[in-house]
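# sequence unknown, structure follows:
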């Protein structure tokens, strides 16, 4: 069925539904006058209302006939097809609904009362019952107050229909409309079977349907006539010209391509337009295209879900052919095209990852007037050669040679990159190179101390795709044609599948291929040495980017002067930061000292020596900005304390030259009373999965001294930043910091983290806490339990991010030490986590798809851990979740509680609908998490030894299971163990041991003794 025919049938059905709805909601009101006995009697007999009802029922029957005619004339050509069955069902339902009104008339006539007496008194009991039924407030005849007769939706007419019957009729109409919409979708879908590319044909059908509806709306909007009152097939009709004009317009429109030539004649189109124009002003019909897209993009089960899944499988098949019909938007008005702004927002949201821009935010801006020399067009000579290669010249040149910024650790490479990217001169010079195309500036700051996405090539690609869609959303059809096609069909960018690595690779390749078509690319990559891969692998990837185009892509990189990079970029444009920053360092040191009152006083006494002091610091820095910034804190403290010039010189002389030794010196200078606090702060930062917020650092200290309720801390987050900054400065002396404008705690530089993680340094840091070792994981566990239901966090939760948060907090619980002091608190917090997670889930699920929502009264949040995308995914338990993460103390406590409560069943077995505790322990959280589960930070792997111990414990308690749940369904557990053993060679020994443990289940009679023994152990 073509779109025009589908609209013709829809028009007839919607007119029927609209008319029926008006009958149900119409109010029949007549005021009774005490002086008008004849009116009173007429009201009691309700002849006019009855006559109107009869007339309306006849109209309803006529509309049913119209539906029948349209379905026969324009219905699907394939007999006994699903679409035809759907349309026939709609016709039958329309007839059944109209029959109700016919039966209502018969019932009213049968129950009509006898004529009333002169004073209004009914002659018999039947009349009195009818009177009571139609009067809202029965009153004695002869009084001054007379009630009004209110036939509300016919419910009170003759006392025949109850309000429940009215509600049922309304639901029946809604069902008819819904069936009509789904039958349209099935008709279009079946029609697309014969097309070479079914998804393209369906997309074109939907586009044509929207275009036809738009033309009809515009034409009918300007007409002053009541379109329903005319026979539009009558050539003398006042608006027959409208049909003529529309027929000609549609037959000549080359953009409407899915109406067959045989039916794209003025005569055929005119026949189909008649019911459409008659229904054009019906509210339900004007929104029929929206209803179709809503139904297509919704979460309804059944056949429609099958259509959606087929389209997704087709579009995301790697062999899917991407051609011009797929990616080039048609020439229709913008109203009929994809909303690229909303689609770009959705794609950016899906591609973004935690802390994507945080490294850039953490890089300090250049100090005042420093680094301006980079844009000088005539770099100065030094020892017979230029001190650096002309950067503006490189920006303007038609060359794809990589520009390399290098230098010692801490020399300011990242700050220089940030300065270049943000400076307007960069875009100015690039425009000369890219003309007449615009230059698109994109960047990536690699950070070895960050999460996986912050130090990987896939993270770079995701970041650049986000930037591309943000800069120019018109790139989407060319760069991400699959998602563009999905949005064209479904009009709903929120239901897009998760990004896979191969699709990111494909889109990134297509982005590079667009260079030179609509833009030129200037790519800045900071920290080649910060990627979590070998230097040669990074260089291979840089080469892949530059070889795409000789004159449409420029790449500027920054890294330490490692041998691999030096060999690769030998002879390329070069800038060595540590050799060029003497004047910048001098400006920085001088300004810092000039703003200190102690130095000002000393300079008045020792003017020459004070100036020499500046030179001594800069010379000793050897071009390393980080060294100077760390040293200046020490010098300013000495000046504030009033130290003499001799003391200051001795201090500078004693400062180590290399960064690592400088960190040793800073650690040694921390006051004894602050050493323990600095110790736990550094341990907490290192232990955190992902960046540690300043609020978490603040909470870590608060929970040690008082009971904290997160709801009482609204507004504290922003205030806590300043407090934590002050504490970090005084306790760690700059080894930890909160970057300017940021809210997360981190080391000031990669070199600081590298220093702290040296074995001997780490041992010293940990031992400085005191006699009892500090457990950062227990602290982090408690913090995340407290904040998981935080109102702001809930607003940001998607279903996927909620489960990432759960995995994060359970990972902390797994890593926490199972000491006698920790265990009771850990069990208490686990119970609190269950309650708070329920609160968070119920609040956040409002914006989620229906399949992810829980019934507030009958389902728990942990039942929604999806092992598969099906709505009927098996349900998990909370203790099952803890078994996935091998949280032994809580699983042990769970069993003890069940036995103490006298429960017959320990809940250790699995069913087809419920995931068992044993399989949870055997396979772990990665096996049971949804396919799209992809935490941005690296969660700790659960040690196979501890997983095996958990399995052995559960088996000893009577846990038994022959089958397990998987993506493939409910399958044999041992077979699944063997399959995974073959796939994962490194874990094969673990799966073999688990299989042996399952074979050694306790014999009958032993189980109770084992349970009693566990009770004794846990009391």
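Cool, the structure landed. Small disclaimer: the values here were computed from a predicted structure and weren't measured.
# what secondary structure does the residue nearest to residue 966 when sequence neighbours are not counted sit in?
Nearest residue to residue 966, sequence neighbours excluded (CB to CB, 6 or more residues apart in numbering): residue 976, at 6.1 Å. For the C-beta atoms, the positions are set from N, CA and C on the backbone; glycine is no exception. Using DSSP: H, G, I helix; E, B strand; the rest coil, the structure places residue 976 in helix.
# Against residue 748, how distant is residue 808?
25 Å (CB to CB, to the nearest Å).
# How about the contacts made by the residue nearest to residue 966?
Counting by CB atoms under 8 Å, 6 or more residues apart in numbering, residue 976 touches 923, 964, 966.
# And for residue 380?
Contacts of residue 380 by CB under 8 Å, 6+ apart are 386-387.
# rerun that using 7 Å as the cut-off
Residue 380 makes contact with residue 387, according to CB atoms under 7 Å, 6 or more residues apart in numbering.
# Next one, pLDDT for it please.
We have a pLDDT of 79 for residue 380.
# Okay, now stretch 740-758: how far is its last residue from its first?
27 Å (CA to CA, to the nearest Å).
# What residues of it count as buried?
Of all the residues in stretch 740-758, those buried under the rule 16 or more other CB atoms under 10 Å are 742-756.
# Tell me the confidence at residue 127?
40.
# same thing with residue 76?
61.
# quick one: low-confidence parts of the stretch 651-800 of the chain?
For the stretch 651-800 of the chain, residues meeting the criterion pLDDT under 70 lie at 710-715, 791-793, 795.
# those helices in it, which residues are they?
659-669, 672-687, 694-702, 716-732, 750-756, 759-767, 776-787, 791-796, 799-815 (DSSP state H, counting those that start in this stretch).
# For residue 296, give me its contacts.
185, 304, 308, 490.
# List just the nearest of the buried residues of stretch 740-758 to residue 523.
residue 750 (21.9 Å; CB to CB).
# surely that closest one meets residue 450?
No - contact criterion CB atoms under 7 Å: residue 750 and residue 450 do not qualify, at 10.1 Å.
# List the contacts of residue 371.
By CB under 7 Å, 6+ apart, the neighbours of residue 371 are 416, 419, 584.
# Pipe the residues you listed into TSV and attach pLDDT per row.
Formatted as TSV, the contacts of residue 371 follow (pLDDT from 0 to 100):
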residue	pLDDT
416	94
419	94
584	89
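# any residues touching stretch 509-523, and which ones?
430, 434, 437-442, 464-465, 468, 472, 475, 478-479, 545, 548-549, 552-555.
# swap in stretch 497-504?
Contacts of stretch 497-504 (CB under 7 Å, 6+ apart): 312, 316, 318, 350-351, 458, 461-462, 482, 932.
# List the ones among the residues you listed that fall in helices.
In this view, the contacts of stretch 497-504 that belong to helices under DSSP state H are 312, 350-351, 458, 461-462, 482.
# on that earlier part again, show me which of the contacts of stretch 497-504 are buried.
312, 350-351, 461-462, 482, 932.
# quick one, helices of the stretch 501-650 of the chain?
So, for the stretch 501-650 of the chain - with DSSP H, counting those that start in this stretch - the helices run 501-513, 535-546, 563-568, 582-594, 597-605, 607-621, 625-640, 645-654.
# Name the residues of the fourth one that are buried.
Along helix 582-594, the positions that meet the burial threshold by neighbour count (16+ other CB under 10 Å) are 584-590, 592-593.
# Also the longest one?
The neighbour-count check on helix 625-640 (16+ other CB under 10 Å) flags 625-632, 634-636, 638-639 as buried.
# quick one on the thing from earlier: of all the buried ones among the contacts of stretch 497-504, which two lie farthest apart?
312 and 461 (22.4 Å).
# quick one on the thing from earlier: quick check: the residue nearest to residue 966 vs residue 997, distance?
From residue 976 to residue 997 the distance is 15 Å (CB to CB).
# Which element is encountered next along the chain beyond the helix or strand bottoming out on mean pLDDT in the chain?
Among the helical and strand segments of the chain, the one scoring lowest on mean pLDDT, DSSP states H and E is strand 149-152, with a mean of 37. Downstream of strand 149-152, the first helix or strand assigned by DSSP states H and E is helix 163-191.
# So, low pLDDT: which residues of the stretch 1-150 of the chain?
Across the stretch 1-150 of the chain, the ranges flagged by pLDDT under 70 are 25-61, 63, 71, 73-81, 104-105, 107-150.
# before we move on, back to that, going by distance to residue 685, which of the buried residues of stretch 740-758 wins?
After measuring the buried residues of stretch 740-758 against residue 685 - CB to CB - the closest member comes out as residue 745, at 5.7 Å.
# Let me see the contact set for the closest one.
685, 692, 694, 697, 724, 728, 736, 738.
# The fifth one touches residue 696, doesn't it?
No - shown here, residue 724 and residue 696 do not form a contact pair, counting by CB under 7 Å, at 9.4 Å.
# Mind pulling up the pLDDT for the closest residue in space to residue 913 that isn't next to it in sequence?
Distances taken as CB to CB, 6+ apart put residue 874 closest to residue 913, at 5.7 Å, once the chain neighbours are dropped. Looking at residue 874, its pLDDT reads 83.
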